[in-house]
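> build the 3D model from these lines:
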Amino acid sequence: MDKTNKQALIRRYSELFDKHKAVFFVRNSGLSVSDSRSIRLQLKVSGVRFLFIKNSLAKIALGSEKALEANKYFAGPLAVAYSNNPLSLSRLLVKICKINDKLNITGGIDTGKIISKDEITILSTMPTQEEIRVIIVSLFNAAALKVVTIFNEPAIRIARVCQSYATKK
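Numbers count the residues shown, from 1 in each chain. Alright, predicted model coming up:
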């Protein structure tokens, strides 16, 4: 590869690392072309991109400080999955890696911070914003129902007492 192609790839990788909130490193150990295509299609449907990278150029694109932190993740054939939604990306990648044993998440970058595989796995278990909204709304509904029950209880008791006197006579 000549120098101009290397510089172009470094620029592309730099833009990729800077532009996207989440960039996760995925080690590829013997993935076939057809498997690679199907994984790319699965990811593309969810708005995630998947790109095989050249490790040495990616380290340069990261910059010296981040490259030192992320150096342990750059070994062997490596791909990056990137998106602006770290939560959905982590969920999707963890699911795909469980299904396909030839892929292994090694680490990544989440909003500019280097994170480990364990942190990505934890991120994949967190509720989405929609799920949090549902939980909050259900908590408000439960609280409102309790308030209504508390206010109605004295009136219900009085009605029961009146009913019992009416049935006695």
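> so what's residue 27 closest to, chain neighbours aside?
Using C-beta to C-beta, 6 or more residues apart in numbering and skipping the chain neighbours, the partner closest in space to residue 27 is residue 104 (4.5 Å). C-betas here are computed from N, CA, C, even on glycine.
> can you tell me which residues contact that neighbour?
26-27, 29, 97 (C-beta atoms under 8 Å, 6 or more residues apart in numbering).
> residues in contact with the residue nearest the centre of the chain?
With distances taken as C-alpha atoms, centre = their mean, the residue of the chain nearest its centroid is residue 87 (1.9 Å). Shown in contact with residue 87 (C-beta under 8 Å, 6+ apart): 123-124, 126, 128.
> quickly list what residue 108 is bridged to.
Under the criterion DSSP bridges, residue 108 forms beta bridges with residue 24, residue 115.
> tell me the one of the contacts of residue 87 nearest residue 39?
Residue 39 lies nearest to residue 124 out of these, by C-beta to C-beta, at 16.5 Å.
> quick check: which element contains the closest one?
helix 117-125 (DSSP states H and E).
> beyond that helix, next helix or strand please.
Downstream of helix 117-125 (by DSSP H and E), the next one is helix 129-168.
> and that next one, average pLDDT?
The pLDDT scores in helix 129-168 average 84.
> isn't residue 103 right next to residue 32, touching?
No. Using C-beta atoms under 8 Å, residue 103 makes no contact with residue 32, being 11.7 Å away.
> between the two, which one's more packed in?
The neighbour comparison of residue 103 against residue 32 (other C-beta atoms under 10 Å) goes to residue 103, with 22 against 9.
> from residue 149, how far off is residue 156?
9 Å (C-beta to C-beta, to the nearest Å).
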